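Asker: heads up, no residue letters with this:
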């Protein structure tokens, strides 16, 4: 059973398909499987069942033609290191492997809302990953990772962070588009945020 950190009790609470834990290095990790991500936007990445030879998993399907989202939220850990760096990552695959490598660009957007702050004033800030290439191996998993400092993110202990993930297919570096030899969907398995603690 996965767990999430409860900052009010200092304990781990069970939550379906979401895991939050502190590593031996002292990092706070938030992992969300595809089925744990919400769909609050009018344009959202649909949840699908992906079947490989022996493994069956839920995935979010992001196509090339429309920017689609999946959402979440969390409370910033009370011991976050304001001088540290946060790591973002997604695990994904091409629905159909292209004959030659093509690039996909992922984007993480966030909005931190402090205690007693009006949520109506909140807006998203984007953190865009560098283009990551598919492989010509069918069903090969790919992990895309990128970083930003806590200070640039503007996250403060106790903030509620509203976040959303998307494939930024409008980016010129996202070249995994519709071609005769492939289906251009990128299938998202999970997302991960690693936050440093003081």
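Answerer: Ah, there it is. Predicted model, so just to flag it, every value in this text is computed and none were measured.

Asker: which regions of this protein sit below the pLDDT cut-off?
Answerer: 1-19, 24, 178-182 (pLDDT under 70).

Asker: The same query, at a cut-off of 80, please.
Answerer: For the chain, the stretches with pLDDT under 80 are 1-25, 99, 178-183.

Asker: for it, what spans make up the helices?
Answerer: Along the chain, the segments classed as helices by DSSP state H run 150-153.

Asker: how about stretch 72-90: buried residues?
Answerer: 72, 74, 76, 77, 80, 81, 84, 86, 87, 88, 89, 90 (16 or more other C-beta atoms under 10 Å). Every residue, glycine included, has its C-beta placed from N, CA and C.

Asker: if I look at the fourth one, how far off is residue 186?
Answerer: In this structure, residue 77 lies at 30 Å from residue 186, with C-beta to C-beta, to the nearest Å as the measure.

Asker: Closest one of the buried residues of stretch 72-90 to residue 143?
Answerer: For the buried residues of stretch 72-90, the residue nearest residue 143 by C-beta to C-beta is residue 89; the value is 5.7 Å.

Asker: residue contacts, the residue nearest to the closest one when sequence neighbours are not counted?
Answerer: Excluding the flanking residues, the one nearest residue 89 by C-beta to C-beta, 6 or more residues apart in numbering is residue 145, at 4.3 Å. Going by C-beta atoms under 8 Å, 6 or more residues apart in numbering, residue 145 touches 87, 88, 89, 129.

Asker: Now tabulate the buried residues of stretch 72-90 in JSON lines and tack on distance to residue 150.
Answerer: Below are those laid out as JSON lines (distance: C-beta to C-beta, whole Å):
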{"residue": "72", "distance to residue 150": "18"}
{"residue": "74", "distance to residue 150": "14"}
{"residue": "76", "distance to residue 150": "9"}
{"residue": "77", "distance to residue 150": "11"}
{"residue": "80", "distance to residue 150": "6"}
{"residue": "81", "distance to residue 150": "7"}
{"residue": "84", "distance to residue 150": "5"}
{"residue": "86", "distance to residue 150": "6"}
{"residue": "87", "distance to residue 150": "11"}
{"residue": "88", "distance to residue 150": "13"}
{"residue": "89", "distance to residue 150": "17"}
{"residue": "90", "distance to residue 150": "20"}
